[in-house]
Structures are given as structure tokens and as C-alpha cells.
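Peer 1: Structure of the sequence below:
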Amino acid sequence: MEEKKFDSKIRSHRIQNSVRGSISGIMLAAETTLVPFFIRTAMMRRMGAEYLGLHGLLQSACGVLNMTELGISSVMVYFLYEPVAVGDQKRVNACLMEMKRLYRRVACAVLAGGMLLMPFLEQLSSGEIPKGENIYLLFFCYVLAVAAQYLFWPEMASLLIVFQRTDLQCMIAGAVQFTAYGMQLAAVCIWHNYPAYVCMILLQAIVTGTVQKLVAGRLFSGCVPQGRLGKEERIQIRKKIFAMAGHQMDEKLLGSADSMYISAMLGLSAVAVYGNYYYVATAVSLLFQPVYQAVLSAIGNALVTESEKANKVRFDCLFFLGNMLAGWSSACMLCMYQTFMGLWMPGQLLPMEMVIWMCVYSYIMQMRKSVQVFKNAGGMWDSDKFKPYVSMAADLVLNLILIRSMGLQGAVLSTILCVGFLELPWETHVLYHDYFKMPASDYAKRFLAYSFWNAALCTVCFFVLKKMPLPDGLMALVIELSVCTAVSLCFYIIRYYRSREMKIWMDTLRIAAGDRGQHFRRHKKPGEMEDERKRK
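Peer 2: Down below sits the predicted model:
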């Protein structure tokens, strides 16, 4: 009886859950993007560029410490797909217990790594530390916040992902985060107290983990960390984690290392200026991340239960969606970047070349998402396990050369070269060779064709707006966004309205709307349902 109850909980509609998770995730991403923007602005204007640079340095250093997680969450979610799909509750519980053990070790590693990194903090900054601030104490609070993420029931949060209830995870994180943001804004604007700001980060990690544990425990009462996996499966888990470790290190260092190099070579003020431009580029990517996160568990389930041919169609559709999101966002960034920066941080504008490099960086990061989602859902980390180490070594050399010769633009260019010419081709070859069993030339042709038309779209939007008389202030941003959106929408409809992928997406939206209508009909009042039965 318990087995049937468990089965009923895991069988949910993929499209409906993906749409629901995408919507809630986008709302969380909007909060995570917009509110820190106001906090960052307040910190710059109320406390100064030195505090903003210190904040960026501490975040980057803790980003390096976060590498000790080694991608355990991604690996264990992958191992949960099969037992959840078949309704094996005993094995689910054993996976949760294994995850709990691993996360405890990660928390210990974070604390130890923080202690080892602490003596080198002043050497990482060539500028002055704000007077009266103890950089070691502040960094220790950051370290505690990172460790708390791995001590306060992270394994229970994974249940919400694998059961395709990322909407609940986003709502919990959004509510707790919004409260923490309010306290952080007060710490910056009212108290002018950076230590209080940092303490809110620690408190947020504790409260988020606790609430997620309570919600997941209530929804999936039979799923608790207990039991033990077999020896062979534990070996496979550790093998996957070892392969995933390099990918995790690469992902964390890709953004964190640039800030540390700039800080060491050019100073904290340069970190603050670069951080403003980099923040906008990453914020755009963050807005679309929930879409990919929401479909991850659905794709993982499909990889277990359906054929390679059916999943190739899914991949093409996801790649097509990524193409439209990347093209539209790049057009908006190219046209709006300098206008936005002039309103946000006047007097700290970088050349237009920096804007172009940031647009290229954001575009490449968006275009590779479809490959990353399928690789992560399929647990395909072994075949390119050496890729991140080669990429990190190349990025280190390129940063040292290009930052010295080109300044801030060199930091972005080094990342573009590593991702565009090394990581993306490598991981695409692995996906096509290991799973689809076909050459990656199909992907390369699509990528080049999509990029050509997206470059044309960006050029059209840029020159249309350049010929238009624009007002000053916020209204200019509104007009630029409206023009880019309208031109992009017309462009994609005209260019792709007959494509297979566009038709599939339109059908998917109709199905999702139909499921929503059925959901409302199922929740009619008893009297209304009785009247409907009589009419029939």
C-alpha cells in the first residue's frame, strides 16, 4: 500500500510542472537580480567604492570555497531519477542518507579551506581595506554562511527538484531571501554597518534550509535519510562526483578568478567598475536560468524512460528556445547597456568595446545551456572530465596575459576564448557521441546559423535605435527595451514560423494552457460540479 502511495506522488505532468517551475523560478530570478541591484547601488553611494570592491572580493573568495561541494547535488539528483521514476522508496531514502553524509564532509572542508585561505586575504587586495573593518572576521562569517548551506538539510531540498516541485523551492527561497534583502538594505542605508549585512547572509542560509526541510518532509513523509546504498552504487557515486568535481571547480572559478586577478593587478576600485558590468551580464543569464532548471528533472526522467530519438527532438527544441532567449537578450544588452550604466553608475562608464565583449560572453553562456542541461540530466561527466582542468589552465594563462595588455576587457576576452573555443565544442561532442550516437556537425551548423541571424538582429536593433531621437532618463530604457523586443518578436516569427521547433513549442503552450484549464475545472465547488453533471 505504501508503495502505491509513493508511486502516485511521483507521477506528475512534465509540461505542467516545467511551466509552473519556470514561472516561479523567473519570479525568484527577478527578485535575486533586481533587489541586489538596489542594494549594490545603495552600498556604492552610501558606503563607497571600497566597500563594493571588498564585497566583490569576499564573494569571489567564498565562490572558490564553494567548489568543495564538488557537484554533489547534481550527482545525487541524477542517481535519484531512476528510483523516483520506478517508485523505489527504499533506495530513495538510502540516496538521501548518502547525500547527508557527503554534505557533512563538505561543510568540514569549507571550514578548513576558509581557515587556510584567511591569511592570504590582504595579499588578494592591492587597494585599501575600508577603515575600521576586520576583513578576517567578515570573511569568517561568509565561510559560516557557505558551510550552513551544507549542514541544514540540503538533501531534503533535492527532493523538491527530483519530484519536479522546483516551484515550491523557489517560493521558499524567495520569501526568505526577500526578508533577508530587507534587513541587508537597512544595514547599508540606515545603520551603515557592513558586518550586519554579512550576518544576514548567514541567517538566510539557516532559515532557507530549515523551511525546505519542513516542507519536503510534509509533502514526502515517507522520504527520510535512512538505510545505506550497496557498495557498487557508492563506488559509482564517488566516481561521478570525482568527474563532476572538475566541472564544478571550472564553473565557480570562471567568474570568481577574474575578480581576484583584477583585484591583484588593478586594485579594488577596478574590481568595483568591472563588477558593475559583469553583474549586469550575469543578471541577464540568471533571469533565464529557472527555465533550464525547471526542465532539468523532466529531461532526467525522459532520459530514463524514453528513446534517444525522442530526446533528440527535445534537445533541438530546447536549443531553439535558448537561441531565441540568447538573441533577444543580446540585442537588449547591446542597445541598453550604456544607457543603463549611465543612469546607475554615472562617471564609471567603460568603452563600447567592453559592452560588445560582455554581450558576446552572455550570448555564449546562454547558447551552451541546452547542452549542459542534457549532460547534467544524463550524468555525462566522465567523458570530458579533463576539460575543466584544461580550461582553467588556459584561463589562468590568458588572464595573466590579456589583463596586463588590455585591462578589464582582457578578463572577459579570456573567458570567451576558453568557453567558446574549448569548453562548448568539447562538451557538445561528448553529448552527441555518448548519448545521441551521431556526429556533432548538426549542432555546429545550427549554432552558426542561429548566431548569424542573431548577429543580424542585434545589428538591426542597434542601428534602428541609433537613428531614433531618445529622451533622457528612464524613458530611454523603456523605449530601447520596447523596440528590441518588438523587432526580435517580428524577426523570430518571420524567420522561424515554419520550423519544426516553433510548431512543437506552440503545441506545448496549448497543452499547458489546456492542463491549466482542467486544473481549474477539477477545483470547482461541489454545487457547480453537480450542476455540470446534470447538464450533461
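
Peer 1: ok, residues contacting the host helix or strand of Leu137?
Peer 2: Using DSSP states H and E, Leu137 maps to helix 135-151. Identification of contacts with helix 135-151 by C-beta atoms under 8 Å, 6 or more residues apart in numbering yields 54, 58-59, 61-62, 65-66, 69, 103-104, 106-107, 110-111, 114, 117-118, 121-122, 129, 194-195, 198-199, 201-202, 204-206, 209. For glycine as for every other residue, the C-beta is placed from the backbone atoms N, C-alpha and C.

Peer 1: Repeat that for stretch 451-468.
Peer 2: With contact meaning C-beta under 8 Å, 6+ apart, stretch 451-468 is reached by 323, 326-328, 330-332, 334-335, 359, 363, 367, 479-480, 483-484, 487-488, 491, 495.

Peer 1: where in this protein is pLDDT low?
Peer 2: 1-19, 63-64, 66-70, 124-128, 252-256, 268, 511-536 (pLDDT under 70).

Peer 1: which residues sit in contact with the residue nearest to the spatial centre of it?
Peer 2: Central residue of the chain (C-alpha atoms, centre = their mean): Gln289, 4.7 Å from the mean position. Contact analysis of Gln289 by C-beta under 8 Å, 6+ apart lists 25, 29.

Peer 1: host element of it?
Peer 2: helix 268-305.

Peer 1: Now do the helix or strand following that helix against helix 268-305, angle only.
Peer 2: Per DSSP H and E, the first helix or strand lying C-terminal to helix 268-305 is helix 308-344. For helix 308-344 against helix 268-305, the angle by axes from the mean of the first three to the mean of the last three C-alpha atoms, to 10 degrees is 160 degrees.

Peer 1: who does helix 308-344 touch, helix- and strand-wise?
Peer 2: Helices and strands touching helix 308-344, by 3 or more C-beta pairs under 8 Å, 6 or more residues apart in numbering; DSSP states H and E, are helix 268-305, helix 352-367, helix 369-377, helix 441-467, helix 474-496, helix 500-522.

Peer 1: returning to what we had before: let's see the PyMOL selection covering just the buried ones among the contacts of stretch 451-468.
Peer 2: This is how PyMOL selects the buried members of those, with burial counted by 16 or more other C-beta atoms under 10 Å:
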select buried, resi 323+326+327+328+330+331+332+334+335+359+363+367+479+480+483+484+487+488+491
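
Peer 1: before we move on, the earlier item: following the helix holding Leu137, which helix or strand comes up?
Peer 2: helix 154-162.

Peer 1: which other residues reach the helix or strand just after that following helix?
Peer 2: Using DSSP H and E, the helix or strand that follows helix 154-162 towards the C-terminus is helix 166-189. Helix 166-189 has contacts (C-beta under 8 Å, 6+ apart) with 17, 20-21, 23-25, 27-28, 31-32, 35-36, 38-39, 42-43, 46-47, 157, 160-161, 193-194, 196-197, 200-201, 203-204, 207-208, 211-212, 215, 219, 290, 293-294, 297.

Peer 1: which of those are buried?
Peer 2: Buried among these (16+ other C-beta under 10 Å): 17, 20-21, 24-25, 28, 31-32, 35-36, 39, 43, 47, 157, 160-161, 194, 197, 200-201, 204, 207-208, 211-212, 215, 290, 293-294, 297.

Peer 1: In helices, which of the contacts of helix 135-151 appear?
Peer 2: 54, 58-59, 61-62, 65, 103-104, 106-107, 110-111, 114, 117, 194-195, 198-199, 201-202, 204-206, 209 (DSSP state H).

Peer 1: three-state assignment of the residue nearest to Asp250 when sequence neighbours are not counted?
Peer 2: Nearest residue to Asp250, sequence neighbours excluded (C-beta to C-beta, 6 or more residues apart in numbering): Pro388, at 3.4 Å. Here Pro388 is helix, with the state taken from DSSP: H, G, I helix; E, B strand; the rest coil.

Peer 1: count of residues packed around Pro388?
Peer 2: 25 (other C-beta atoms under 10 Å).

Peer 1: can I assume it is in contact with Ala243?
Peer 2: No: look at Pro388 against Ala243 with C-beta atoms under 8 Å: they stay out of range, at 9.8 Å.

Peer 1: Now list the buried members of the ones in helices among the contacts of helix 135-151.
Peer 2: 54, 58, 61-62, 65, 103, 106-107, 110-111, 114, 117, 194, 198-199, 201-202, 204-206, 209.

Peer 1: What are the buried residues along the helix holding Leu137?
Peer 2: 135, 138-151.

Peer 1: and of the residues you listed, the nearest to Asp250?
Peer 2: Proximity of those to Asp250 (C-beta to C-beta) peaks at Val146, which lies at 18.4 Å.

Peer 1: picking that back up, between the helices and strands packed on helix 308-344, which one is nearest to Val419?
Peer 2: helix 352-367 (5.4 Å).

Peer 1: Tell me the buried residues in the helix or strand where Lys240 lies?
Peer 2: Assessed by DSSP H and E, Lys240 sits inside helix 231-266. For helix 231-266, a neighbour-count test (16+ other C-beta under 10 Å) marks 237, 240-241, 243-254, 256-263, 265-266 as buried.

Peer 1: swap in stretch 334-353?
Peer 2: Buried residues in stretch 334-353 (16+ other C-beta under 10 Å): 334-337, 339-342, 345, 349-350.

Peer 1: For stretch 279-292, output the C-alpha coordinates as PDB.
Peer 2: C-alpha atoms of stretch 279-292 as PDB (Å, rounded to 0.1, in the frame of the first residue of the first chain):
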ATOM      1  CA  TYR A 279      26.800  42.000 -12.700                       C
ATOM      2  CA  VAL A 280      24.500  43.100 -15.500                       C
ATOM      3  CA  ALA A 281      25.700  40.300 -17.800                       C
ATOM      4  CA  THR A 282      25.300  37.600 -15.200                       C
ATOM      5  CA  ALA A 283      22.000  39.000 -14.100                       C
ATOM      6  CA  VAL A 284      20.600  38.500 -17.600                       C
ATOM      7  CA  SER A 285      21.700  34.900 -17.600                       C
ATOM      8  CA  LEU A 286      20.200  34.500 -14.100                       C
ATOM      9  CA  LEU A 287      16.800  35.600 -15.400                       C
ATOM     10  CA  PHE A 288      16.700  32.600 -17.800                       C
ATOM     11  CA  GLN A 289      18.300  30.000 -15.600                       C
ATOM     12  CA  PRO A 290      15.000  29.000 -14.000                       C
ATOM     13  CA  VAL A 291      13.700  27.900 -17.400                       C
ATOM     14  CA  TYR A 292      16.500  25.400 -17.700                       C
END
